[in-house]
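Trainee: the following comprises the amino acid sequence and a computationally predicted model.
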Amino acid sequence: MNWWETDFVSVRDNRLIIAGRDATALAERYGTPLYVYGKDRILDRYGRLDDAFTRYSALPGRISYAMKANPHMGILRLLQRRGAWIDAVSPCEVETALKAGFPAERILFTGTSVSRADLRFLFGVEGLTINIDAPEQLDLMSEVRNGFPGRAIRVSVRWNSGIGRGFNPKAITAGKRSSDGTPIKFGVEPRKVVDVFARARKLGFQPVGLHQHIGSGWVREDYGMVLTAVDRMIRKAREIEKAGFRLEFLDFGGGFGPRYLKSRGLFPVEDYIAYISRAVAKAGLSVKALVIEPGKFMVSDAGVLLLGVEYVKESYGNLFACVDGGTFNTVPRPAIYVSAHHEIVNASRVDGPHKARLTVAGNLCETGDVFGRERLMPLPQSGDVLAVLLAGAYCRSMASHYNLRPIPREVLI
């Protein structure tokens, strides 16, 4: 059995099977490039988190899907029916969540560089909770609020605990600077948090929660650092409660991801939820709910991108499988993040004696348009189908029309 096989993707008769269906048959039916998502896999991921809260927490657990990972309407409706909440980062995401059936009371808006236009839309959605990302944001909020007299507006505060963790410098969202030296733009620094709560209440807003998000793509090796961030969060929550504020929820954000590489250990999400639950109980906080914001974990390994091989090219001793899609239009992660890896499988014949090391090259006018460099696989032939695995998160949602290429079709099965 291959390390990447799950109940969603497997091998039968040397062909790739997706949710019980032959990948090449799916490609023939719908065409390539094609995103394929699995309902059962997504619900399995949700159930795993829900079961952990039931097992370890005396408080209700809110599983708030980070829809920026994949806003496919079918996925949203699936999760809405299951009882999920939504982490939205733009007014359009809020609007999409509402169309998918999520009540405003189950949506948390977390924005950065929030504009007056953003706030006018958000204040018009009664029941929504809005994260405050900066003390200075309160000035705009107060100004715009004048147009909504009598409207009760729920807010929470996103703080920056000083600890950031992510698979890539661009995915670290807390601390002073990212690992490449980029200043971190997110959140309220610790010394200002209580003052933001106090000023928000004075301005007529209803402070109800504390939120953090330290980065994305955690693996097992990140566990210790992540727990340190949890401890800081709980200490800050105690400080807020001592200042006279009652917190409805603590939102620990997202960040735990799937297994993109064989060499990486999976982040222990059940242990993480158990630790949060015990720590909150031990601290004696009066919070009514605990929140996490899974994105990659929910949908990444529930998605596959199918690509058609047009021909195999040889140049200067390099072999290229030339496919009918480009990274920027399908799976932008390898082109954006140097460290991003997606396993690539020859779906037409997963294994075989005639293997070659080749680069999977896209159809865009860009040297960086490669899905994977020098990957070992059975030598493809024209008409074969390649499968880019773990393509359910931050692929379609980040895809563009670069070179005026279309974005592929999506099917949820």
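Mentor: That came through fine.
Trainee: tell me which stretches of the stretch 301-413 of the chain form strands.
Mentor: 303-315, 318-323, 344-346, 355-361, 370-378, 385-388, 409-412 (DSSP state E, counting those that start in this stretch).
Trainee: buried residues in stretch 105-114?
Mentor: For stretch 105-114, burial by neighbour count (16 or more other CB atoms under 10 Å) applies to 106, 107, 108, 109, 110, 111, 114. Where you see a C-beta, it was placed from the backbone N, CA and C, and this is true even at glycine.
Trainee: what is the mean pLDDT for that stretch?
Mentor: Averaged over stretch 105-114, pLDDT sits at 97.
Trainee: do stretch 72-82 as well
Mentor: In the prediction, stretch 72-82 has an average pLDDT of 98.
Trainee: now swap in stretch 189-202 and tell me
Mentor: 98.
Trainee: gap between the closest residue to residue 88 other than its chain neighbours and residue 119?
Mentor: Once flanking residues are discounted, residue 88 sits nearest to residue 94: 4.7 Å by CB to CB, 6 or more residues apart in numbering. As for residue 94, its distance to residue 119 is 12 Å (criterion: CB to CB, to the nearest Å).
Trainee: repeat that for residue 405.
Mentor: Taking CB to CB, one finds residue 405 at 35 Å from residue 119.
Trainee: likewise for residue 162?
Mentor: Taking CB to CB, one finds residue 162 at 28 Å from residue 119.
Trainee: can you lay out the strands of the stretch 301-413 of the chain as a markdown table showing distance to residue 76, mean neighbour count and mean pLDDT?
Mentor: Putting the strands of the stretch 301-413 of the chain into a markdown table (distance: least, CB to CB, whole Å; neighbours: other CB atoms under 10 Å; pLDDT from 0 to 100) gives the following:
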| stretch | distance to residue 76 | mean neighbour count | mean pLDDT |
| --- | --- | --- | --- |
| strand 303-315 | 14 | 20 | 98 |
| strand 318-323 | 29 | 20 | 98 |
| strand 344-346 | 28 | 23 | 97 |
| strand 355-361 | 30 | 18 | 96 |
| strand 370-378 | 27 | 17 | 96 |
| strand 385-388 | 23 | 26 | 98 |
| strand 409-412 | 11 | 16 | 98 |
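Trainee: turn those into JSON lines, including distance to residue 229.
Mentor: Formatted as JSON lines, the strands of the stretch 301-413 of the chain follow (distance: least, CB to CB, whole Å):
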{"stretch": "strand 303-315", "distance to residue 229": "28"}
{"stretch": "strand 318-323", "distance to residue 229": "40"}
{"stretch": "strand 344-346", "distance to residue 229": "34"}
{"stretch": "strand 355-361", "distance to residue 229": "36"}
{"stretch": "strand 370-378", "distance to residue 229": "32"}
{"stretch": "strand 385-388", "distance to residue 229": "32"}
{"stretch": "strand 409-412", "distance to residue 229": "34"}
